[in-house]
Structure formats: structure tokens, C-alpha cells
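# What would the 3D arrangement of this be:
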Amino acid sequence: MAAMFCGMAQARAEAETLLQQARGEIQRERQAAVDRLRREVGALAVLAASRVVGSSLDTAANRARADKVITDLADEAVAEVGGVH
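Predicted structure coming up:
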């Protein structure tokens with residue numbers, strides 16, 4: 001009987017260790033995703049600005065152009081991750 005309890009305690013300890021490792025991995029992956037998003041947002045902003053400046057007409061046209069670029073790039077990004085929103 002004592003051996004059974006010892007085995008259960010060991011299994012629980014191993015499960016807790018695996019759970020903590022999984023949580024750590026999830027946190028690392030989350031942080032990596034946030035870092036990638038920050039870099040991509042910066043790149044998108046630069047791209048949008050360069051497209052607006054490259055063919056500047058007026059303020060409304062610039063705003064519409066920037067919005068279209070951002071929307072198009074966001075759609076592409078969503079498609080790359082399999083439609084996750």
C-alpha cells in the first residue's frame with residue numbers, strides 16, 4: 001500500500017514538473033510572438049509611410065492609401081497564420 005502511495009506521489013510530482021515546463025514554453029512562445037508582432041507593426045508602419053510619401057496627392061487620399069496598405073498586409077498576415085484572429 002505504501003508503495004502505491006509513493007508511486008502516486010511521484011507521478012504527481014512528475015506531472016507538476018511537466019506542467020511547469022509547458023507553462024514556461026507557452027510563455028516563451030507568447031513572448032516570441034509579441035516580439036515578432038512588434039517588429040512587423042514597425043515594418044508595416046514604415047511600408048505604409050513610404051507608399052503614402054511615394055505617391056502623395058492629398059490628406060484624404062494619403063489616409064485611404066495607408067488604410068488600404070495596412071488592411072492588405074493584415075489580411076496577408078492572418079492568412080499566413082491560418083486565419084487566426
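
# Kindly list the longest helix within the protein.
Longest helix in the chain, counting residues (DSSP state H): helix 2-54.

# List the buried residues for the helix or strand following that one?
Next helix or strand after helix 2-54 toward the C-terminus (DSSP states H and E): helix 59-80. Buried positions in helix 59-80, judged by neighbour count with 16 or more other Cβ atoms under 10 Å: N62, R65, A66, V69, L73. The C-beta positions use only the backbone N, C-alpha and C, and glycine is treated the same way.

# Please report the distance of the fourth one from A49.
So the one you mean is V69. Going from V69 to A49 by Cβ to Cβ, to the nearest Å gives 9 Å.

# From I26, how far off is the residue nearest the centre of the chain?
Compute the mean C-alpha point of the chain, and by Cα atoms, centre = their mean the closest residue is A33, 3.5 Å away. Distance of A33 to I26, given as Cβ to Cβ: 10 Å.

# Please apply the same query to A61.
In terms of Cβ to Cβ, A61 sits 44 Å off from I26.

# Poorly predicted segments of this protein, please.
1-3, 55-59, 62, 82-85 (pLDDT under 70).

# could you redo the last one with a cut-off of 90?
Low-confidence segments of the chain (pLDDT under 90): 1-9, 30, 34-85.
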